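Engineer: Sequence and predicted structure, then a few things I'm wondering about:
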Amino acid sequence: MLGCTSNTKPEITNNPIPSQQTQTFKVGEKIKLGDYYLTVNGFEDYIEENPFGQPKEGNKLFAVDVTVENNGTEPKSYNELDFEIQDSTSYIYTSSIASKEPTLHSGDLQSSRNVRGWITFEIPKNTLGLELIYQPDWWDAGQIIVKLN
């Protein structure tokens, strides 16, 4: 059968989509996800001194201090690109070119080792309801979400 058709047609609805209950965590909590542990140590607005790393008009730099630990028996990779920030209006922001030192870059963690560093994001100045999302394995839907209040 080459050309299947369906009687289902798109429709407009004003009913909200039911949301799944997602557990969120707080700054300072040590959170386990598989063989990874994540701790958000703190966060702050960041002022970049390099003129080439300045945020766009209306934006600011926002830095998050994280520790990633490998609790497994095999080496595990880590990467600043495993982190995003989502705001209260559901916009997602990835890491910025500008970066607060010492920066969390990428690499491999041996068993029972950890690494700590800052991840810097460019976000609108008046953004509210920030949450840090950590998803260390692109093939797995597991995430850690930390409220940045």
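Structural biologist: Here it is on my side, so go on.
Engineer: From here on, just use CA atoms for contacts and neighbour counts.
Structural biologist: Noted.
Engineer: residue contacts, the nearest residue to E69 once chain neighbours are set aside?
Structural biologist: Nearest residue to E69 in three dimensions, chain neighbours excluded: N114, at 4.1 Å (CA to CA, 6 or more residues apart in numbering). Applying CA atoms under 8 Å, 6 or more residues apart in numbering to N114 gives the contacts 67-70.
Engineer: Of those, which is the nearest to G58?
Structural biologist: T67 (29.7 Å; CA to CA).
Engineer: State the distance from the closest one to N126.
Structural biologist: Using CA to CA, to the nearest Å, we find T67 at a distance of 27 Å from N126.
Engineer: now swap in N71 and tell me
Structural biologist: Per CA to CA, N71 is found 37 Å from N126.
Engineer: what residues are up against Y37?
Structural biologist: Shown in contact with Y37 (CA under 8 Å, 6+ apart): 30-31, 68-71.
Engineer: now the helix or strand where it lies, how far from the centre of its chain.
Structural biologist: In the assignment (DSSP states H and E), Y37 maps to strand 36-46. Offset of strand 36-46 from its chain centre (CA atoms, centre = their mean, to the nearest Å): 10 Å.
Engineer: From the contact counts, what lies against the following helix or strand past that strand?
Structural biologist: Next along the chain after strand 36-46, taking DSSP H and E as the criterion, comes strand 59-70. Here strand 59-70 touches strand 36-46, strand 114-124, going by 3 or more CA pairs under 8 Å, 6 or more residues apart in numbering; DSSP states H and E.
Engineer: out of the ones you listed, deepest packed?
Structural biologist: Stretch with highest mean neighbour count among those: strand 114-124 (a mean of 22; mean count of other CA atoms under 10 Å).
Engineer: CA atoms only: put that one into PDB for me.
Structural biologist: Extracted in PDB, the C-alpha atoms of strand 114-124 (Å, rounded to 0.1, in the frame of the first residue of the first chain):
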ATOM      1  CA  ASN A 114      35.200  14.800  40.300                       C
ATOM      2  CA  VAL A 115      35.700  18.000  38.400                       C
ATOM      3  CA  ARG A 116      34.400  21.500  39.200                       C
ATOM      4  CA  GLY A 117      34.000  24.600  37.100                       C
ATOM      5  CA  TRP A 118      31.800  27.500  35.900                       C
ATOM      6  CA  ILE A 119      29.500  27.300  33.000                       C
ATOM      7  CA  THR A 120      28.400  30.700  31.600                       C
ATOM      8  CA  PHE A 121      25.200  31.500  29.700                       C
ATOM      9  CA  GLU A 122      23.900  34.600  27.900                       C
ATOM     10  CA  ILE A 123      20.300  35.200  28.900                       C
ATOM     11  CA  PRO A 124      17.900  38.200  28.800                       C
END
